[in-house]
Structures are given as structure tokens and as C-alpha cells.
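In: Need the 3D shape of this:
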Amino acid sequence: MSRFGRATAVRRLEEGRYQAELDGGFGFDEALNGGYLMAPLLRAAVDVSSHAHPVATSANFLRVARPGPAEVWVESRKTGRTAAVFRVTLAQDDRPVVDATVTTGTLDPDATPAWSGERPPMPPIDACVAFDAGERDRGFADRVDTRFDPATMGWLDGRPTGRPESRAYFRLREDHEPDAFALALAVDALPPVVLNTGSSGWAPTVELTWQMRAVPAPGWLTLYGSGRLVNDGWFDEEVEVWDSAGRLVAQSRQLARTGRGDRKAPRD
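Out: This is a model prediction of the structure:
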């Protein structure tokens, strides 16, 4: 099993209750990535469901999750022939950390779209900016291989574009081809788009909704992030995920707080 597989695995304790072990390598400083936190939630929901894929997820992030033991609680809300709905909660120390509604269904990997928009342009991978893994473990940056469009990385050297945007190629550094759970990570893997408007620091997600639109083909994913409004300490971020076959496989929207360079992750 890959590291990502182990880091998102759940073990059934009893009906509707699972054990997980959260891996600190999928975080930044003291805060674990929100997309990573959704993956064990979705594994538990799919384990309970008669359907194979988490086709729609709406998650509220209630407090910062810490590396170490956690539980996942699953409550059925609806069961049906084509879809099932569950309330799924990730908890630590008996306190909810992430509360989500998950709809499961079964997608046909050979389905052909009746209509699809065109994938936005992106530079070749070899023209993009790579953050190579070094000898020191840098957490999230060493778990994923992300190649950024240079046109959206001006914030790194003090030249933000002024537009909330971020684009990159994405894959896990280990041998783990994209699946439903890797897509959950991918939709929250970009640097916050608000960085290109001059914001800095930690930008915590408050609510994230995403849909799995197709079963991804093996290989690189391409992430396109954008925003519509930055106002009064809040911003939105929309992400499209396209696979190596040129298909839209996931899309998301989240509401988050703007970062401040001197703000630290809260204790709860």
C-alpha cells in the first residue's frame, strides 16, 4: 500500500464507526491539509455504501486537526439505487473536526461525455516551476509533486499578478495513481489563490464543496484555481481538475479566510 493509502486508511471498529491515523506529513506547520482530511471521511462513506464513488461532498472545517489517532463516524441519511447520502464526521478526542455530507454513486470509467467544455491552456510540464523534494522532510511539499504555471507564481518573489489564480500539474510523489481519494486531496492542493492579490500567511478553509465528475485516467492531473471575490477577510476559490486524457474529473468551490503573515494556526 502506498503512503497515501496508509495515511488515509480507515479501520472499522463497529457499525458506523472507524479508526484512522492522521499523518502529519500531509500538512503545513501544525495544520493538516483539508483535502487530505476529506480522504478518510470518503473511504469510510464508500465502505458503508453500496456505491463505489464519492460523487459529491460538502465539508465544514470546525477546528484544526492534529496528526495522530482520529475516528470517523458515519450516519446514513438516504439509500437509493443510484445514490446514497451520509453524514460523516472526523473527530479527535470526541470533538468533531470536520463535518461533511457525502453523496455516493457509481461512475462508469468508460462513459463518454455528451458535452464537455474545453480544458484551459497550460504550459508544458517542463516549462513549469517544480519544488523538488530535498533531504529534509518538508511535509506536504514532499508528499506531492506539483509543477506550477510560472505566470501564477509571482507572489513568491513579491510580484503578485493582482488576480486570484493558481495553476499546476499535480501527482503524488509515490506510486499511487489518481483515484477518488487522491482527487479529494487535489482539489485543495494549490497555494491559496488569494496569495496573488497580495495576501500572505495561513488561509484556513471554512467550507469546501466538491464533485467527482469522472474516474481519472492514470498520470498527471492538471489543476486550475481561480476566485471571484476577496472581501472583508473572506475569499472564494474554485478549482477544476483535469486528467491526462483531457477530461474534467473533479471541480470544487471553497470559502476561506484571508491569510495574514503574523497569524498562527489556532489551537481549536
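In: Do a quick rundown of the helices in the stretch 151-268 of the chain.
Out: Using DSSP state H, counting those that start in this stretch, the helices of the stretch 151-268 of the chain run over 180-186.
In: Give the residue spans of it that score low on pLDDT.
Out: Applying pLDDT under 70 to the stretch 151-268 of the chain picks out residues 260-268.
In: beta partners for G225?
Out: For G225, the beta-bridge partners are S166, V239 (DSSP bridges).
In: Does it touch D149 like I think?
Out: No: with contacts counted by Cβ atoms under 8 Å, G225 stays clear of D149, the gap being 10.2 Å. The way it works is simple: take the backbone N, C-alpha and C, and place the C-beta from them, glycine included.
In: quick one, which of these two is more surrounded?
Out: Under the neighbour definition other Cβ atoms under 10 Å, G225 and D149 were set side by side, and G225 has more, 25 against 20.
In: Return the residues in contact with that one.
Out: When contacts are counted by Cβ atoms under 8 Å, 6 or more residues apart in numbering, G225 is found next to 165-167, 190, 193, 237-239.
In: A180 now?
Out: Counted by Cβ under 8 Å, 6+ apart, A180 has contacts 42, 46, 53-54, 212, 215.
In: For A20, see how far away it is.
Out: Counting by Cβ to Cβ, to the nearest Å, the separation of A180 from A20 is 17 Å.
In: hmm, back to that, which one of the contacts of A180 has the most neighbours?
Out: P54 (28 neighbours).
In: Please list all residues in contact with that residue.
Out: When contacts are counted by Cβ under 8 Å, 6+ apart, P54 is found next to 42, 45-46, 102-104, 180, 184, 212.
In: What is the neighbour count of the spatially closest residue to E75 that is not a sequence neighbour?
Out: The spatially closest residue to E75, leaving aside those adjacent along the chain, is R87, at 4.5 Å (Cβ to Cβ, 6 or more residues apart in numbering). A count of nearby residues for R87, using other Cβ under 10 Å, gives 14.
In: Name the helix or strand for R87, please.
Out: Assigning secondary structure by DSSP states H and E places R87 in strand 84-92.
In: I'd like the average pLDDT over that strand.
Out: Summarised as a single mean, pLDDT over strand 84-92 is 98.
In: Many thanks, have a good one.
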